[in-house]
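Chemist: one predicted model, sequence on top.
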Amino acid sequence: MKTKNVLKLFLTAGLLFGVSTLFAKEKVYKLKLATTWGPTLSPLIDSAKNMAQMAKTMSNGRLIIKVDASNKHKSPLGILDMVKGGQYDMGHSASYYWKGKDINTLPFTSMPFGLTAPEQYAWFYYGGGLELMQKVYEKHGVYSFPGGSTGVQMGGWFRKEIKNLDDLSGIKMRIPGFAGEIMAKLGVQVTNIAPGELYTALDRNNIDALEWVGPSMDVKMGFHKIAPFYYTGWHEPASEMQFLVNQKVFRKLPKDLREILRVSMRLAAYDMYAQNYDMNAIAWDKMKKEFPNIQVKTFPKPIMDAMKAANKTLRQEMSSKSKLLKEVLDHQDAYMKKVREWSKMSDYLYLQDNI
């Protein structure tokens, strides 16, 4: 064979190898994500959408995540099961929705009288909270990551003013998570209703009160038209949403795409916290001006004392039934004891002197 032909053969083979390698590297991975939220429920739905867009951009189009709102899959409170079972690769929801399936998932959204949002983010990322969350979700075959915080949530909308414990007894209220357990202890008939059904339930007198989020999301729902008493928060000081990822799906991704996904989730989570803070400020200013019938209230001290007592009792009861839950709660308590001193020195004392 002539030298010229040999050289041509080698060049052709090299070109083909390079092209095939290029195409192998550019394989596109497509994932599906289901959310608990409706398509217009900002900023909750925005967190998932922003994460998907960041992952696409940073991966140069190699990681595509399709986000399905609850109106698409029709199972807003079935996210964990769908991701666990493989119907969806990912999910965006809130960990305390799964307390009926696994009580150990409860503390990773928020606990009454617990960590604030900045404190909880510090706990997740630097205090060991993320490792504990993965320990809890390991048996479900999914990974769980912080998915965006709403910060301190309001205590709820009530048709009538709550002046004493007797006023709580017998009323029907939508309030999820551990706070629901506390309210039940005080005589409230507690129920959990999907977000899209809340206004109808309140309007049709199926419930007397409900807890949702804060001004930015509450004003869109129109609760103030039916229940004008708006109570300040106690039950969810740092309500963190969650991203769920099927473990098998995650492990099949190339190493760089796994890291891109982690970074996208982390950034989208904190961005939602900032977005929601801004939205609350704007919405509350609007509500004060346009809806003067809203009466902002704080639960009287005897009720708050009763809530704290019920909180303590219930935590002890649940911890005695689950060593893992006790481990998580004790870990949170220890971290809060440490970090709260700084929160007091910085935020609390500063605000106290400047309000």
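Modeler: Yep, that arrived. Residues are numbered from 1 along each chain as shown.
Chemist: mind listing what the residue most central in space within the chain touches?
Modeler: Centroid-nearest residue in the chain: Met241, 0.9 Å away (criterion: C-alpha atoms, centre = their mean). Residues in contact with Met241 (C-beta atoms under 8 Å, 6 or more residues apart in numbering) are 44, 47, 92-94, 109, 146-150, 269, 272. For every residue, glycine as well, the C-beta is placed using N, CA and C.
Chemist: export those residues as CSV, with columns for pLDDT, neighbour count and distance to Lys248.
Modeler: As requested, the contacts of Met241 are exported to CSV (pLDDT from 0 to 100; neighbours: other C-beta atoms under 10 Å; distance: C-beta to C-beta, whole Å):
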residue, pLDDT, neighbour count, distance to Lys248
Leu44, 96, 24, 27
Ser47, 98, 29, 24
His92, 98, 28, 19
Ser93, 98, 28, 19
Ala94, 96, 25, 23
Thr109, 96, 26, 25
Pro146, 98, 26, 22
Gly147, 98, 26, 20
Gly148, 98, 28, 25
Ser149, 98, 29, 28
Thr150, 96, 28, 31
Ala269, 98, 23, 23
Met272, 98, 26, 27
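Chemist: among those, which lie within strands?
Modeler: Here DSSP state E is the test, and the contacts of Met241 give 92-94, 146-149 as lying in strands.
Chemist: quick check, nearest of the residues you listed to Ile65?
Modeler: Using C-beta to C-beta, His92 comes nearest to Ile65 of those, at 10.4 Å.
Chemist: so that closest one sits against Lys32, correct?
Modeler: No. Using C-beta atoms under 8 Å, His92 is not in contact with Lys32; the gap is 11.8 Å.
Chemist: helix or strand right after the helix or strand where the residue nearest to the centre of the chain lies?
Modeler: Using DSSP states H and E, Met241 sits within strand 240-246. Per DSSP H and E, strand 240-246 leads on to helix 247-252 as the next helix or strand towards the C-terminus.
Chemist: only the buried residues of that next one, if you could.
Modeler: Residues of helix 247-252 classed as buried by neighbour count (16 or more other C-beta atoms under 10 Å): 247, 249-250.
Chemist: need these in JSON lines (columns: distance to Ala184).
Modeler: Shown next, in JSON lines, are the buried residues of helix 247-252 (distance: C-beta to C-beta, whole Å):
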{"residue": "Gln247", "distance to Ala184": "34"}
{"residue": "Val249", "distance to Ala184": "37"}
{"residue": "Phe250", "distance to Ala184": "37"}
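Chemist: off-centre distance for stretch 91-105?
Modeler: 10 Å (C-alpha atoms, centre = their mean, to the nearest Å).
Chemist: all set now, cheers.
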